[in-house]
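J.: Sequence unavailable; structure follows:
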């Protein structure tokens, strides 16, 4: 009887240790997932700021670039597509399809903004416009903040993905459906650079 009590106590203690171990890993995975979601929220803030600046930029340029309406329309369309892709990614940060769609839309937007900036170089009055200069400066600052936020997000995703892939966390991650998160990466080398803004 005494031996049975000892065996039951040891088994109960082992079960408690195993349960605490599983809870610890589960909580760590939840914390890492929340960290990368928060990091994406920082990107979201900067991207929304960027999307808010673009219509003002287009409106300012519109008066000077009357014969370049195709470029202006392309910028607006790319901005709207990127904002829509961002809304999808914000709903589920880390979702591979949403992040790839966002990276593609952001690459297109950067390309069209680059064309707008290159085109604006040919218009001296536009280059000298103080509103345009101010908007360009704000956009450049926002681009830098997006880059820093993207790096923080990718670091958080890497930590989360690493934790969910190592043993024994991989067992807990699989059991509780902790899926892999996608990095926010821009594939084309030309799209990796922020648009160059220079009115000198």
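T.: Okay, I see it. Not measured: the values here are computed from a predicted model.

J.: can we go C-alpha only for contacts and neighbour counts from here?
T.: OK.

J.: The one helix or strand residue 4 maps to packs against which elements?
T.: Using DSSP states H and E, residue 4 sits within helix 2-62. Contact partners of helix 2-62 among helices and strands, from 3 or more C-alpha pairs under 8 Å, 6 or more residues apart in numbering; DSSP states H and E: helix 69-91, helix 130-165, helix 169-175.

J.: Any chance of these in CSV with mean neighbour count as columns?
T.: Below are the helices and strands packed on helix 2-62 laid out as CSV (neighbours: other C-alpha atoms under 10 Å):
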stretch, mean neighbour count
helix 69-91, 18
helix 130-165, 18
helix 169-175, 16
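
J.: buried ones in the lowest-mean-pLDDT helix or strand in the chain?
T.: One helix or strand of the chain scores below all others by mean pLDDT, DSSP states H and E: helix 124-128, with a mean of 77. Within helix 124-128, the residues scored as buried using 16 or more other C-alpha atoms under 10 Å are 126, 127.

J.: and for it, what are the contacting residues?
T.: 61, 64, 120, 121, 132, 133, 199 (C-alpha atoms under 8 Å, 6 or more residues apart in numbering).

J.: Let me know how buried the fourth one is, in neighbour terms.
T.: By the other C-alpha atoms under 10 Å criterion, the neighbourhood of residue 121 contains 15 residues.

J.: Please apply the same query to residue 10.
T.: 12.

J.: Residue 31 now?
T.: 13.

J.: May I ask you to confirm that residue 57 is in contact with residue 135?
T.: Yes. With contact defined as C-alpha atoms under 8 Å, residue 57 counts as touching residue 135 (6.2 Å).

J.: hmm, back to that, now the angle from the helix holding residue 4 to helix 130-165?
T.: 160 degrees (axes from the mean of the first three to the mean of the last three C-alpha atoms, to 10 degrees).
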